[in-house]
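# the amino acid sequence is not available; the structure is as follows:
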């Protein structure tokens with residue numbers, strides 16, 4: 001399968017597991033093969049926030065790996081992908097990726113994504129941020145990662161929490177060159193009409 005048809009999806013234990021779920025849904029809708037790896041703590045968040053089990057989550061992905069399987073395909077740079085998104089991304093995961101000392105398949109896959117110069121998008125879920133968090137983000141940005149906290153886009157006039165989640169997910173997928181239908185775009189769906197001329 002061509003690399004443009006594969007995306008690695010990591011889901012950690014940070015609050016906001018809905019982001020990861022919708023990334024998987026979007027991949028299916030876009031015809032992109034999702035390669036899923038879920039941290040141990042994500043299982044707790046998944047149950048608390050959605051009532052779903054890890055098996056339900058894995059069923060939404062095309063290929064699912066055990067977080068301990070460091071010999072999996074996504075742990076190798078020779079396995080071509082479009083890149084990796086971690087949604088949501090915990091501070092612990094973010095910090096581990098920044099050090100390059102990885103202890104799970106999730107962080108190893110992220111490290112491989114960086115070394116292969118492929119897009120790594122981290123939907124970091126934490127607030128407020130202390131100086132250590134900010135320095136870690138700077139370090140990751142210098143390494144080539146994209147820090148993309150899921151911020152609400154009020155210009156899109158969301159009518160529900162689900163629409164806010166979809167907007168954040170869609171904008172993150174834009175970073176891989178993937179255009180997902182639920183995204184509302186300024187100058188296209190909302191705001192001034194593209195090409196309009198005012199007096």
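Sure thing, it's come through. Source: prediction; values computed, not measured.

# next, the distance between the ends of stretch 98-111.
For stretch 98-111, the first-to-last residue distance is 9 Å (C-alpha to C-alpha, to the nearest Å).

# so what's the gap between it and the chain middle?
Here stretch 98-111 is found 15 Å from its chain centre; the criterion is C-alpha atoms, centre = their mean, to the nearest Å.

# what's that stretch in contact with?
Under the criterion C-beta atoms under 8 Å, 6 or more residues apart in numbering, residues 8, 10, 12, 37-39, 65-70, 72, 74-75, 84, 86, 93, 96-97, 120, 136, 139-140, 143, 145 lie in contact with stretch 98-111. Placement of C-beta: from N, CA and C, glycine included.

# take those residues and keep only those in helices.
By the criterion of DSSP state H, membership of the contacts of stretch 98-111 in helices covers 93, 96-97, 136, 139-140, 143.

# mind listing what residue 21 touches?
Applying C-beta under 8 Å, 6+ apart, we find residue 21 in contact with 50, 57, 60.

# next: residue 122.
85-86, 89, 94, 97, 140, 145-148.

# please settle this for me: is it part of a strand?
Yes - under DSSP: H, G, I helix; E, B strand; the rest coil, residue 122 sits within a strand.

# so what sits opposite the residue nearest to it when sequence neighbours are not counted in the bridge?
Excluding its sequence neighbours, the residue lying closest to residue 122 (C-beta to C-beta, 6 or more residues apart in numbering) is residue 89, at 4.2 Å. According to DSSP bridges, residue 124 are recorded as the beta-bridge partners of residue 89.

# buried subset of the ones in helices among the contacts of stretch 98-111?
Judged by neighbour count, with 16 or more other C-beta atoms under 10 Å as the criterion, the buried members of the ones in helices among the contacts of stretch 98-111 are 93, 96-97, 136, 140.

# got CSV for the ones in helices among the contacts of stretch 98-111, with distance to residue 127 too?
CSV is the format used below for the ones in helices among the contacts of stretch 98-111 (distance: C-beta to C-beta, whole Å):
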residue, distance to residue 127
93, 16
96, 20
97, 19
136, 15
139, 19
140, 17
143, 23
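
# what number of residues lie near residue 11?
Other residues within reach of residue 11 by the criterion other C-beta atoms under 10 Å amount to 33.

# distance of it relative to residue 87?
Noted for residue 11: a distance of 7 Å to residue 87, by C-beta to C-beta, to the nearest Å.

# need the overlap of contacts for those two.
The contact lists of residue 11 and residue 87 share residue 20, where a contact means C-beta under 8 Å, 6+ apart.

# so residue 55, which state does it fall into?
Per three-state DSSP, the secondary structure class of residue 55 is helix.
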